[in-house]
Structures are given as C-alpha cells and as structure tokens.
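>>> No sequence on hand, only this structure:
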Ligand SMILES: Nc1nc2c(c(=O)[nH]1)N[C@@H](CN(C=O)c1ccc(C(=O)N[C@@H](CCC(=O)O)C(=O)O)cc1)CN2
C-alpha cells in the first residue's frame with residue numbers, strides 16, 4: 001500500500017488565503033497594514049529566491065513588505081544598526097534576517113539584537129524559552145508548518161511516539177518542543193545517535209531534519225507511520241529530501257514530498273506570525 005501524500009503546497013495556499021482575509025479585517029480596524037522587514041546579506045542564490053518569495057507572499061496577503069538587501073561584505077556593526085532601526089520603527093511588526101549569513105558575520109549576535117516581540121522567525125532565545133515553557137511567543141515557521149501538516153492527517157497526536165532526526169535550533173529543537181506540547185513521547189536523534197534505524201522504526205511520527213539527501217531509508221520506517229521531511233537538498237537528480245521518498249512511500253501511512261511539502265508552509269507560517277505580531281502590537285485579538 002502506498003502512503004497518503006501530504007500536499008504542503010495546497011495547505012500553504014489555504015493558510016495564505018485565510019491570513020489575507022484576516023489581514024483585510026485588521027487593516028479596516030487598525031487603519032494600517034502589518035509590516036514585515038526582511039534583511040538579506042549577500043547574494044546566495046537560494047536565499048535570494050526565498051526572500052523574493054517572502055516579499056511576494058507578504059504583498060499578496062495585503063501586508064507591507066520592507067526589503068533590505070545588503071552587500072556580502074557588510075560588517076556586524078552595520079547589520080546590527082539596521083536591526084536596531086527596524087526594532088524602533090513602528091511600521092515594522094516583524095523582522096527576519098535571512099539565514100545563513102555570510103561566515104564573517106556573528107549570527108547569534110544578530111538574532112539576539114532582534115526585538116523578541118518582532119521576532120517572527122522565533123529564533124531569539126526569549127522565544128525559544130517561551131516555547132519551552134508554554135508561554136505565548138513566536139514559534140519558528142518550519143516546525144510550526146510541520147505540526148500543521150501532521151495534524152492534517154493525525155488530528156490528535158496524544159501519546160504517539162515521535163522521533164525528530166536533527167537537533168538544530170531552528171528546526172529540530174523547536175519541533176521537539178511542539179511535539180511535547182502535543183503530548184507526544186519525543187526522541188531527538190542526531191548523527192551520533194546509536195542504532196538510529198532502530199530508533200526510527202519505533203516511531204509513529206518521523207520528522208527528518210538532518211540535511212542529508214535520502215538519509216532515512218524505507219526499511220527504517222514503521223509501517224503506517226507519518227513521515228515529515230524537512231530536508232531540502234539540491235542533488236544531480238534535483239531537489240530531494242532527507243527521506244528516501246521512493247522507498248518510504250511504500251511503507252509509511254502518510255508522507256510529505258520534497259518539493260511541495262514542508263517548504264511552502266514555512267512562508268505561509270511567516271505570514272501568520274507577522275499578522276499575529278501586528279495584532280499583539282495593536283492590542284487587537286488575532287483571529288487565529
Ligand atoms: N531567517 C530564516 N532563514 C531561513 C529559514 C527561515 O525560516 N528563516 N528557512 C530556510 C529557508 N526558507 C525560508 O527562509 C525556505 C526554504 C524552502 C522553501 C520552499 O518553499 N521550498 C520549496 C522548494 C523551493 C526550491 O526550489 O528551493 C519546497 O520545498 O517545495 C521556502 C522557504 C533557511 N533559512
């Protein structure tokens with residue numbers, strides 16, 4: 001039996017349409033549009049595409065897109081000064097610095113400089129702490145999108161065994177926190193985990209965020225499990241995920257494809273976070 005394919009593109013389109021409706025109501029009530037500032041340093045081709053997509057999606061949702069493109073040799077002081085300006089700008093509800101930054105820049109210092117209440121990426125330690133302790137804050141967009149896709153096929157995750165393969169600050173760790181909040185039993189695995197295939201085989205939910213093409217093999221998957229593939233790996237065969245899709249689709253109960261799975265949800269969730277930020281800043285109740 002082949003798995004249900006979870007159509008992230010369709011889910012993202014629906015979420016974006018919903019946000020656009022709420023943004024229209026916000027504009028009526030608040031007399032202004034939510035504003036998202038995106039900062040890109042350098043010319044990494046993939047990052048340039050993502051930033052362009054974010055700008056287009058922001059405008060299509062009825063929000064204001066403010067783009068700052070800085071040269072690759074920008075120094076820390078210049079970037080930090082721009083973040084401070086955006087922190088102080090009342091028209092800016094959300095600030096996002098596109099990652100990865102060029103190697104000479106101090107990513108941690110830049111993320112720390114963003115006002116946590118405008119941190120629509122949810123990468124600031126204050127928001128990581130809020131997520132870990134169940135307080136309202138901003139949840140990183142990719143894991144938030146993963147949970148939405150998961151719940152589209154498994155509305156109640158209570159008691160399920162989940163394995164998150166990958167322990168990054170922007171996907172693995174927040175993903176684990178979200179699954180704990182959904183009452184899953186969560187294992188966070190990584191490159192040094194002993195007998196990883198055996199761990200994955202026990203899981204009802206597999207989230208693959210390890211960054212290695214086709215790393216998770218079909219016979220690691222428990223029959224009927226739900227597989228969420230966060231990987232975006234450019235190979236000679238094209239864009240592939242961290243899961244060997246051709247193998248896993250024969251075993252899983254449901255699986256996200258790459259492309260067209262988690263990726264589109266990242267930008268849709270960014271719009272959601274920006275709308276929520278505007279509502280919080282204006283003291284308006286968010287409709288989500
Ligand atoms: N500040 C941030 N930087 C980065 C983030 C982030 O959430 N915040 N995530 C990624 C890149 N990213 C958004 O920035 C992103 C990645 C992938 C997609 C997407 O829609 N992917 C498509 C394939 C598109 C392609 O050909 O590359 C898909 O999977 O279908 C959207 C956004 C790292 N940096």
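Alright, I've got the coordinates. What you see is a predicted model, and the numbers here were worked out from it, not measured in a lab.
>>> C-alpha from now on. contacts and neighbour counts both.
Fine.
>>> correct me, but residue 205 touches residue 159?
No: between residue 205 and residue 159 there is no contact under C-alpha atoms under 8 Å: 11.0 Å.
>>> what residues are shared contacts of these two?
Common neighbours of residue 205 and residue 159 (criterion: C-alpha atoms under 8 Å, 6 or more residues apart in numbering): none identified.
>>> Comparing the two, which shows the higher neighbour count?
More crowded of residue 205 and residue 159, by other C-alpha atoms under 10 Å: residue 205, with 31 against 13.
>>> Torsion angles phi and psi at that one?
phi -130, psi 130 (degrees, to the nearest 10).
>>> For it, give the beta-bridge partners.
For residue 205, the beta-bridge partners are residue 162, residue 226 (DSSP bridges).
>>> who touches it in this structure?
Contacts of residue 205 by C-alpha under 8 Å, 6+ apart are 160-163, 225-228.
>>> So what's the residue count around the closest residue to residue 66 other than its chain neighbours?
Counting by C-alpha to C-alpha, 6 or more residues apart in numbering, residue 37 is the residue found nearest to residue 66 once chain neighbours are left out, at 4.5 Å. When neighbours are counted by other C-alpha under 10 Å, residue 37 registers 24.
>>> part of a strand, is residue 37?
Yes: Residue 37: assigned to a strand according to DSSP: H, G, I helix; E, B strand; the rest coil.
>>> Correct me if wrong: it contacts residue 95.
Yes: counting by C-alpha under 8 Å, residue 95 is a contact partner of residue 37 at 4.9 Å.
>>> Any chance you could list residues touching both of these two?
residue 86.
>>> Quickly find the element holding the nearest residue to residue 54 once chain neighbours are set aside.
In this structure, residue 54 finds its nearest non-sequential neighbour in residue 267, 6.3 Å apart by C-alpha to C-alpha, 6+ apart. Element membership for residue 267 (DSSP states H and E) is helix 262-282.
>>> buried set for the host helix or strand of residue 10?
Assigned by DSSP H and E, residue 10 belongs to helix 8-30. Neighbour counts over helix 8-30 (16 or more other C-alpha atoms under 10 Å) mark 8-9, 11-12, 15-16, 19-20, 22-23, 26 as buried.
>>> elements contacting that helix?
helix 262-282 (3 or more C-alpha pairs under 8 Å, 6 or more residues apart in numbering; DSSP states H and E).
>>> what angle do the helix it packs on and helix 8-30 make?
Note on geometry: by axes from the mean of the first three to the mean of the last three C-alpha atoms, to 10 degrees, helix 262-282 and helix 8-30 are set 10 degrees apart in direction.
>>> And the contacts of helix 262-282?
Residues outside helix 262-282 that contact it (C-alpha under 8 Å, 6+ apart): 8-9, 11-13, 15-16, 19, 23, 26, 30, 34-36, 53-54, 57-58, 61, 93-94, 117-118, 120-121, 138, 141-142, 144-146, 149, 228-230, 256, 285-286.
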